[in-house]
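**Q** coordinates only, sequence not included:
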């Protein structure tokens, strides 16, 4: 819990008490001062709640990022094992897929260079 929440709640309750005393005594100045202190306490309490929410969200995001980083090696190993198993199960299909990818890359790399656009003469 943030200290702004604690201090804000204390100011809010003190402002309510001061406003109530102003109501009982009939003193408008004390009543207005109590309302102002109560409003300031409410704002400070809300500020503390916002800081707590941001801190919690940051901690949660950091935890997710840490878990993803720690498990990334396992995911890569699992994927590699799955691909290796598929290649062992169907070597001819894997060879055809690899050949197709190589052929497509060769076509892309052997394209002629682009000619510059024609210059207009007037």
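**A** Cool, got the structure. All figures in this text were calculated on a predicted structure; none of them were measured in a lab.
**Q** and the longest helix for the chain?
**A** Counting residues, the longest helix found in the chain (DSSP state H) is helix 28-89.
**Q** how distant is stretch 81-100 from the center of its chain?
**A** Relative to the mean C-alpha coordinate of its chain, stretch 81-100 is positioned 39 Å out (Cα atoms, centre = their mean, to the nearest Å).
**Q** one more: stretch 69-86?
**A** With Cα atoms, centre = their mean as the basis, stretch 69-86 stands 26 Å off its chain's centre.
**Q** what's that stretch in contact with?
**A** residue 94 (Cβ atoms under 8 Å, 6 or more residues apart in numbering). (Each C-beta comes from the backbone N, C-alpha and C, glycine too.)
**Q** quick check: buried residues in it?
**A** Buried residues in stretch 69-86, counted by 16 or more other Cβ atoms under 10 Å: none are found.
**Q** next: stretch 5-22.
**A** Going by 16+ other Cβ under 10 Å, stretch 5-22 has these buried residues: 5, 8, 9, 11, 12, 15, 18, 19, 22.
**Q** pLDDT on it, on average?
**A** Averaged across stretch 5-22, pLDDT comes to 84.
**Q** now what about it, what contacts it?
**A** Counting by Cβ under 8 Å, 6+ apart, 27-49, 52 sit against stretch 5-22.
**Q** apply 6 Å and report the result again.
**A** Residues from elsewhere that reach stretch 5-22 (Cβ atoms under 6 Å, 6 or more residues apart in numbering): 30, 31, 34, 35, 37, 38, 40, 41, 42, 44, 45, 48.
**Q** what is the nearest of the buried residues of stretch 5-22 to residue 97?
**A** residue 5 (59.7 Å; Cβ to Cβ).
**Q** gap between the closest one and residue 41?
**A** Residue 5 sits 10 Å away from residue 41, taking Cβ to Cβ, to the nearest Å as the criterion.
**Q** are any of the contacts of stretch 5-22 buried, and which?
**A** 30, 31, 34, 37, 38, 41, 44, 45, 48.
**Q** let's have these in CSV, adding distance to residue 75.
**A** Shown next, in CSV, are those (distance: Cβ to Cβ, whole Å):
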residue, distance to residue 75
30, 66
31, 64
34, 60
37, 56
38, 54
41, 49
44, 45
45, 44
48, 39
